[in-house]
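Visitor: show me the folded form of this:
(one chain, ligands or ions: 1)
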Amino acid sequence: MNDDTIFAIASGAGRAAIAVMRLSGPLAYFALASLCGDRVPEPRHAGLRRLRDADDSTLDRSMVLWLPGPGTYTGEDSAELFIHGGRAVADGLAMALVGLGLRPAEPGEFTRRAFLNGCMDLTEAEAVHDLIAAETEAQRRQALRQLDGELGRVYRDWSDRLRFVLAQQEALIDFPDEDLPPEVERELTATLAALRQEIAAHLNDARRGEKLREGLVFAIVGPPNVGKSSLINALAERDVAIVSNIPGTTRDALEARVVLGGVPVTLVDTAGLRETADPIEAEGVRRAFVRSEDADIVLEISDSGRFSELPSDRRIQVANKADLLRSAPDDAISVSALTGEGMDLLRDRLADLARRLTETSGPPPLTRARHRAALLEALERLTGAAETDLPELRGEDLRLALRAIGRITGHVGVEDILDTLFGQFCIGK
Ligand code: GDP
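Guide: Numbering: from 1, shown residues only. From the prediction side, this is the model:
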């Protein structure tokens, strides 16, 4: 596959001043030379060139870069052309490149090659995807830390130590009667215990990293007509939900994505929770319950100052219609979705909650279900290894734990997951 030379527009779709065409593979130099009439700029120096097709008709005038491998993103010979951003320019260039023997890249193929050529591990490749998808500053910071290899280093450190434990274990199996120093067994047990403890701590993070990557869900619940739709509209600063004084207007769960405290949050406006004979509304009520059970935070709205449940870590009380209401419980946040009174306070409080649910300190957090599954498996194997007295079984458990951790960074048995992983990328990355 890597014998092919691939190309793709790496910048966004649609009309733009400039679009970046990226080439990678063994034909990159030949293709660039053909397009530039043999006037390829010095490596890594930009040059303005007239681009021409096989018939010498002009495709564009653009800045081009020649990037010889292996010190490139993919590790291969590469080139970048900063062409004018019109559709016809890109199409004309693509036709010329196909004529020269190149082919369009698959989604994620540049990054896949970077991984296969050893320029990055899988956690770094995933971070590229996360960085492109990042909508907020906190997400960007997390993706960049991972792209810098911080998370991969944690996993590789575990792999290295585990490999050492495995070697000690093999020595114990191979030389049972020799005089292996007694420290070997003691050290093995100690390292195993430390690894189990570190992996368990990493897993036990309330899914902070994953939540920041995926975004939080805040459900807005309460009886009909208390102002749930008005509140979501006020928080989203646009009309998401229909506001009306007819109870039961919101029949389904409506969603709005907002940024609170640097974290993407989906606000779910649930149908008014009430007994109803209307089957469609009843379904809306049922969905509201489901959504509020999964939600990271539940905002219970009331316009009477009375609430159905006590506030908790997960649940806050919002007393709406402060312009009409005289008193509200001390724990409740008093607001008026109509006049805007108290809304800044509510936003600050929600931002604090969003930060608290996603903030991490110390080593980089776990960011994906894929990593979590592999680490859970590793931990299970290490527990098995610690609990067995049979050296051969212990050796096998250690090997399986090592393989599970290796899968995260892509150092063992990964062929099967590559398609899934890089298939999520955009073309040109
Ligand atoms: P929902 O059924 O809980 O989604 O409630 P809505 O958002 O549809 O609002 C019900 C009614 O209450 C509408 O007529 C709103 O204009 C009104 N309303 C919402 N918030 C306030 C508020 O803070 N003060 C006052 N006076 N009326 C409000």
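
Visitor: can you map out the strands along the chain?
Guide: With strands called from DSSP state E, the chain shows them at 6-9, 16-24, 47-52, 58-67, 78-85, 103-104, 216-221, 254-260, 263-269, 297-302, 315-319, 333-334.

Visitor: just checking, what packs against the first one?
Guide: Spelled out, that is strand 6-9. strand 16-24, helix 87-99, strand 103-104, helix 109-116 (3 or more Cβ pairs under 8 Å, 6 or more residues apart in numbering; DSSP states H and E). Glycine gets a C-beta too; all of them are placed from N, C-alpha and C.

Visitor: for those, give me a markdown table that also has distance to Ile173.
Guide: Below are the helices and strands packed on strand 6-9 laid out as a markdown table (distance: least, Cβ to Cβ, whole Å):
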| stretch | distance to Ile173 |
| --- | --- |
| strand 16-24 | 46 |
| helix 87-99 | 57 |
| strand 103-104 | 51 |
| helix 109-116 | 35 |
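
Visitor: looking at the ones you listed, spot the one closest to the ligand.
Guide: Proximity to the ligand (Cβ to the nearest ligand atom) singles out strand 16-24 among these, at 40.2 Å.

Visitor: what residues of that closest one count as buried?
Guide: Buried residues in strand 16-24, counting neighbours by 16 or more other Cβ atoms under 10 Å, are found at 19-24.

Visitor: need the residues you listed in TSV with distance to Ala282 and pLDDT, can you?
Guide: Formatted as TSV, the buried residues of strand 16-24 follow (distance: Cβ to Cβ, whole Å; pLDDT from 0 to 100):
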residue	distance to Ala282	pLDDT
Ala19	51	94
Val20	53	96
Met21	55	97
Arg22	53	97
Leu23	58	98
Ser24	56	98
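
Visitor: in JSON lines: these, plus distance to the ligand.
Guide: Compiled in JSON lines, the buried residues of strand 16-24 are given as follows (distance: Cβ to the nearest ligand atom, whole Å):
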{"residue": "Ala19", "distance to the ligand": "45"}
{"residue": "Val20", "distance to the ligand": "46"}
{"residue": "Met21", "distance to the ligand": "50"}
{"residue": "Arg22", "distance to the ligand": "49"}
{"residue": "Leu23", "distance to the ligand": "54"}
{"residue": "Ser24", "distance to the ligand": "53"}
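
Visitor: by contact count, what packs against the longest helix that the chain contains?
Guide: Criterion DSSP state H: the longest helix present in the chain is helix 150-174. Identification of packing neighbours for helix 150-174 by 3+ Cβ pairs under 8 Å, 6+ apart yields helix 122-133, helix 183-203, helix 391-409.

Visitor: which among those is found nearest to Leu338?
Guide: helix 122-133 (36.1 Å; Cβ to Cβ).

Visitor: lowest mean pLDDT across the strands of the chain, which one is that?
Guide: Ranked by mean pLDDT, these bottom out at strand 254-260, which scores a mean of 84.

Visitor: show me the shaky parts of the stretch 201-350 of the chain.
Guide: Within the stretch 201-350 of the chain, the stretches with pLDDT under 70 are 238-253, 271-277, 281, 284-285, 287-289.

Visitor: go with 80
Guide: Along the stretch 201-350 of the chain, segments meeting pLDDT under 80 span 237-255, 269-293, 325-327.

Visitor: count the neighbours of Ala401 for me.
Guide: Using other Cβ atoms under 10 Å, Ala401 is surrounded by 30 other residues.

Visitor: now swap in Leu212 and tell me
Guide: 28.

Visitor: so what's it up against?
Guide: For Leu212, the contact set (Cβ atoms under 8 Å, 6 or more residues apart in numbering) comprises 138-139, 142, 263, 358, 365, 367.

Visitor: let me know the closest of those to Ala46.
Guide: Closest to Ala46, out of all of the contacts of Leu212 and judged by Cβ to Cβ, is Gln139, at 31.5 Å.

Visitor: distance of that closest one from Glu198?
Guide: In this view, Gln139 and Glu198 are 26 Å apart by Cβ to Cβ, to the nearest Å.

Visitor: the residue in the stretch 1-150 of the chain that the ligand sits nearest to - nearest residue in space that isn't next to it in sequence?
Guide: At 26.6 Å from the ligand, Glu135 is the closest residue in the stretch 1-150 of the chain, using Cβ to the nearest ligand atom. With sequence-adjacent residues excluded and distances taken as Cβ to Cβ, 6 or more residues apart in numbering, Glu135 is closest to Pro264, at 5.4 Å.
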